[in-house]
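Enquirer: sequence plus the predicted model coming up.
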Amino acid sequence: MSGTRVRRRGPGSRADEHHPTRRELVDAAAIVAERDGLATLSVDSVTRTAGHAKETFYVHFADRSELLFDLHRRFHEELFQRIRESSADISAGPERAHDDHVIPRRMSTTGRCSFRAPTRARS
């Protein structure tokens, strides 16, 4: 097989970021990172967990750092999605803060805040 080169696909000679195998590798990296920690995460442990050859890893990622970047990005995308879902029924920040009397209603020209005390029903 000497002289035979594997032709890589896609722009930048990497497979598409939405390719199922790439997602499987990132999924495996998440499993390994949770189990063993990021410091010990290796290309070998990821490919072994994903059930892919090490060469397949390099079709999808230039190196371990690129995989860690994708893993980091996925973590934050999932975190932000969960935040959006859990706060969907909450009013926007300024309206909620004013309604709950958390922030000052107005600022004086001296820069001092004038707070509006919460109104309470008297019994």
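Expert: Perfect, I can see it now.
Enquirer: could you pull out the helices in the protein for me?
Expert: Taking DSSP state H, the helices of the chain run over residues 20-36, 43-50, 54-60, 64-86, 93-99.
Enquirer: angle of the longest one against helix 43-50?
Expert: Okay, so that is helix 64-86. For helix 64-86 against helix 43-50, the angle by axes from the mean of the first three to the mean of the last three Cα atoms, to 10 degrees is 50 degrees.
Enquirer: helix 64-86 - contacts with which helices or strands?
Expert: If you count contacts as 3 or more Cβ pairs under 8 Å, 6 or more residues apart in numbering; DSSP states H and E, helix 64-86 packs onto helix 20-36, helix 43-50. C-beta coordinates here come from the backbone N, C-alpha and C atoms, glycine included.
Enquirer: give me the residues contacting that helix.
Expert: For helix 64-86, contacts defined as Cβ atoms under 8 Å, 6 or more residues apart in numbering pick out 17, 22, 25-26, 29-30, 33, 38, 41-43, 46, 57, 61.
Enquirer: list the buried residues for it?
Expert: Buried residues in helix 64-86, defined by neighbour count with 16 or more other Cβ atoms under 10 Å: 67-68, 70-71.
Enquirer: also the first one?
Expert: Judged by neighbour count using 16+ other Cβ under 10 Å, the buried positions of helix 20-36 are 22, 24-26, 28-30, 32-33.
Enquirer: A53 contacts D44, doesn't it?
Expert: No: using Cβ atoms under 8 Å, A53 makes no contact with D44, being 10.9 Å away.
Enquirer: redo the helices and strands packed on helix 64-86 as JSON lines? Include mean pLDDT.
Expert: As requested, the helices and strands packed on helix 64-86 are arranged in JSON lines below (pLDDT from 0 to 100):
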{"stretch": "helix 20-36", "mean pLDDT": "95"}
{"stretch": "helix 43-50", "mean pLDDT": "97"}
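Enquirer: nearest to D89, out of those helices?
Expert: Proximity to D89, assessed across the helices and strands packed on helix 64-86 by Cβ to Cβ, is greatest for helix 20-36 (29.3 Å).
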